[in-house]
Each structure stands twice: as structure tokens, then as C-alpha cells.
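> just the structure for this:
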Amino acid sequence: MAKLYFHFGAMNAGKSMILLQAAHNYTERGMKVLLLKPDIDNRDSDDGEIVSRIGIKKQAVTFAADANLEEFISDHELQNDLHCIFLDEAQFLTRDQVWQLAAITDRLSIPVICYGLRTDFQGNLFPGSAALLALADNVREIKTLCWCGSKATMNLRTTAAGLPVKEGDQVEIGGNDRYISLCRKHWRKVQITRTKS
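Numbers count the residues shown, from 1 in each chain. From the prediction side, this is the model:
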């Protein structure tokens, strides 16, 4: 039976690298995969590549926030021979799109493996992540470290000068230049310090 998977982690946990490695394992065995990515994430490439921090990259199909993923996959030319769907930056999915991915696994029996952040820079769940946590058959945390050596679970947004950002839109595309992974203790310490100053 096909399943819907959600693999989440803080920034710099290696989510894209793990996705690309897993997709490679499928293709190396002659299986067909489809790589998907929300079109809002264009920080590494305007042509829809999934890019890991260590330089591995692969072409993906991008989709808009209003796309019906169930219809898209059903109409896709590979659908009959598709062995797995990999989706990067899953936090940007809408709740409806997560339900559509669940329908793909249930109706078409194609595994869907999603990778993304769980929470934003304010410690709030992204809509796509909240829906995946509720609906996925299998949820797994990909771990990374805070500067102190503890497990990093939070994402700190910073200015170009490296100062912490406490307020703003939930979505602001960026990488190492704008986000730092911290453990909850050190993330809270920054939040409290910023509130008092």
C-alpha cells in the first residue's frame, strides 16, 4: 500500500540532499520518479531545480499555490509508470494540496514523500506542515544541530547584518544568508532578548 510521508527538519538539516539521494536510489534501479517543488521557492534557481547546500541538484517540476496536484498527477504522462513522487519545500503546500497528495497515494497507489520545515521563524506551524502532520501515514524528523551541540528544532530569521528578526510575513524565501537553526532554548533566549530591548 502506498503511503504519504512527511520528513521535516529545521533549516540546514539536509532535507533536499536526502530527497535527491532517495530519488537517485529509485532511478538507479530503473524506476521512474517525479520531483516537485512549489514555484514560490526560487532562491537557488529560476528553472525549478532542487538544490542541496552541498551542490547536488536535479530538475523538478514547479507548481503554483492554486495548483490541483491530484489532477496534475492524474494527467501527467508518467502517471502509469510512476514509482514515487518526491516533493521539496512541503511547508508551502496548502491544506487542500496535502489532501490531494493523500488522494494520490490512496487512489493511484503512488508513494508521495514530502520534505520541508515544520515551523516558521516565530515558532508557528506552516499550513502545509500542519496538514502533513495531521494526514501523513509516516512522519520523520531529520535532525540538525544548534551551535551549542543540542538538536536544532527552531529557525531564526536574521537581517542581512545578522540581527534577529522577530516580526514579519511568515514566508520570506532565504537560506543560510537569512536563517539560523537553533535549539528551542537558544531560540527562546533570542526572542526574550529582542522583546526586552
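
> tell me where the model's unsure across the chain.
For the chain, the stretches with pLDDT under 70 are 41-47, 76-80, 161-177, 192-197.

> can you pull out the strands in it?
Listed in chain order, the strands of the chain (DSSP state E) span 4-8, 32-38, 49-51, 57-59, 61-63, 82-87, 112-116, 138-141, 144-145, 151-152, 154-158, 164-165, 179-182.

> ok, residues contacting the fifth one?
Spelled out, that is strand 61-63. With C-beta atoms under 8 Å, 6 or more residues apart in numbering as the test, strand 61-63 has contacts from 34-39, 48, 69, 72. All C-beta spots, glycine's among them, are computed from the backbone N, C-alpha and C.

> turn the residues you listed into a markdown table, columns for neighbour count and distance to Ala23.
Output for these, formatted as a markdown table (neighbours: other C-beta atoms under 10 Å; distance: C-beta to C-beta, whole Å):
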| residue | neighbour count | distance to Ala23 |
| --- | --- | --- |
| Leu34 | 20 | 9 |
| Leu35 | 20 | 6 |
| Leu36 | 24 | 11 |
| Lys37 | 26 | 12 |
| Pro38 | 23 | 17 |
| Asp39 | 15 | 19 |
| Gly48 | 18 | 14 |
| Leu69 | 22 | 17 |
| Phe72 | 16 | 18 |
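
> can I get the strands of the chain in TSV including distance to Ala102?
Output for these, formatted as TSV (distance: least, C-beta to C-beta, whole Å):
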stretch	distance to Ala102
strand 4-8	5
strand 32-38	15
strand 49-51	22
strand 57-59	25
strand 61-63	16
strand 82-87	12
strand 112-116	8
strand 138-141	12
strand 144-145	27
strand 151-152	29
strand 154-158	26
strand 164-165	34
strand 179-182	29
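
> most tightly surrounded among the ones you listed?
strand 112-116 (a mean of 26; mean count of other C-beta atoms under 10 Å).

> could you say what helices and strands that strand packs with?
Where contact means 3 or more C-beta pairs under 8 Å, 6 or more residues apart in numbering; DSSP states H and E, strand 112-116 is packed against strand 4-8, helix 15-28, strand 82-87, helix 95-108, helix 127-135.

> what is the burial count for the closest residue to Glu70 other than its chain neighbours?
Distances taken as C-beta to C-beta, 6 or more residues apart in numbering place Gln100 nearest to Glu70, at 3.9 Å, with adjacent residues excluded. Residues within reach of Gln100, counting by other C-beta atoms under 10 Å, total 20.

> cool, Asp81 as well?
Neighbourhood size, Asp81 [other C-beta under 10 Å]: 8.

> residues contacting the closest residue to it other than its chain neighbours?
Excluding its sequence neighbours, the residue lying closest to Asp81 (C-beta to C-beta, 6+ apart) is Lys32, at 5.1 Å. By C-beta under 8 Å, 6+ apart, the contact list for Lys32 reads 26, 78, 81-83.
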